[in-house]
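A.B. asks: Could you work out the structure for the sequence below:
(one chain, ligands or ions: 1)
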Amino acid sequence: MSAPLLRVANINKRFGGLQALSDVGMEIQQGQIYGLIGPNGAGKTTFFNVITGLYQADSGSFELGGQPYTPSAVHEVAQAGIARTFQNIRLFGDMTALENVMVGRHVRTRAGLWGAILRTPGVRREEAAIRERAMELLEYVKIAHYADFRARTLSYGDQRRLEIARALATDPKLLALDEPAAGMNATEKVGLRDLLDHIRSDGRTILLIEHDVKLVMGLCNRVTVLDYGKRIAEGTPAQVQSDPAVITAYLGTGQQGTP
Ligand SMILES: Nc1ncnc2c1ncn2[C@@H]1O[C@H](COP(=O)(O)OP(=O)(O)OP(=O)(O)O)[C@@H](O)[C@H]1O
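C.D. replies: Next up, the predicted model:
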């Protein structure tokens, strides 16, 4: 097997007296949808925050595309090739859907500050290319008809799609999605499932935190299960679903949706 797209090892993160992540590691192969699950407070979002530069790990090593990378700042992580969405949608509500995606695309642009202020022909050409690419992405996630609508006027499910389009605008190697199905109704979830499947079939790699166990089990190639900051299982959905430690972790919390 080729080198994994993302390899992280021995990540530790402590908040005061709480060890939120203990020696957590993960290897994600190119083209996979990789699930990260676990009961509330297991450390999933902390893990995301660490690999995307929002939190500094106390220790650990990181490799993306076979190259070491240091997730020390959010913009550096985006440049390195990881794009993420958030559990609580973070769009620019008063900007249009198209503008939101264009903002994401600016991570990959070359025009400097002076070029942007002086509106040189090069900048105008680049701006037109960004607009065109952003429109393509809205079509890709099937909300192009809302291009000129303010983001906050879109339905919840469509806002989640817009966040995915904005993340894709950075041309990421890895798309990290934090609970993309949260708050979606059953029809929206089916649509999301199809979209993620489509993104994978286009060769992209996805890391997915999700509470909807059915969605995770139906979609993911492999799954890591965290509990109290520790990795308690890793494998195919079928393997983790029948793992006694996983069953205990879920039953112990009294949460719905046992794996
Ligand atoms: N900034 C922070 N400061 C202090 N404690 C934190 C911080 N962020 C997370 N924690 C704690 O770390 C633990 C892991 O939280 P985290 O949000 O990563 O869990 P999670 O698996 O994403 O949970 P959920 O499924 O509820 O979103 C929790 O006990 C949480 O209270």
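
A.B. asks: Wait, residue 62 touches residue 8, no?
C.D. replies: Yes. Between residue 62 and residue 8 there is a contact at 5.2 Å, judged by Cβ atoms under 8 Å. In this view, the C-beta of every residue, glycine as well, is placed from N, C-alpha and C.

A.B. asks: what do those two both touch?
C.D. replies: Contact criterion Cβ atoms under 8 Å, 6 or more residues apart in numbering; residues shared by residue 62 and residue 8: residue 51.

A.B. asks: Following the chain onward from the lowest-mean-pLDDT helix or strand in the chain, which element is next?
C.D. replies: Of all the helices and strands that make up the chain, helix 113-118 has the lowest average by mean pLDDT, DSSP states H and E, namely a mean of 60. Per DSSP states H and E, the first helix or strand lying C-terminal to helix 113-118 is helix 121-140.

A.B. asks: Just the local confidence number for the residue of the stretch 51-200 of the chain found nearest the ligand, please.
C.D. replies: Nearest to the ligand in the stretch 51-200 of the chain, going by Cβ to the nearest ligand atom, is residue 87, at a distance of 6.3 Å. In this model, residue 87 is scored at 79, pLDDT.

A.B. asks: Check residue 193 too.
C.D. replies: So, for residue 193, pLDDT stands at 94.

A.B. asks: And for residue 62?
C.D. replies: 93.

A.B. asks: Who's the closest spatial neighbour of residue 156, skipping the chain neighbours?
C.D. replies: The shortest distance from residue 156 to any non-neighbouring residue, by Cβ to Cβ, 6 or more residues apart in numbering, is to residue 183 (5.3 Å).

A.B. asks: So the one you found lies in a helix, does it not?
C.D. replies: No. Assigned with DSSP: H, G, I helix; E, B strand; the rest coil, residue 183 falls outside any helix and is coil.

A.B. asks: That one: neighbouring residues, count only.
C.D. replies: 14 (other Cβ atoms under 10 Å).
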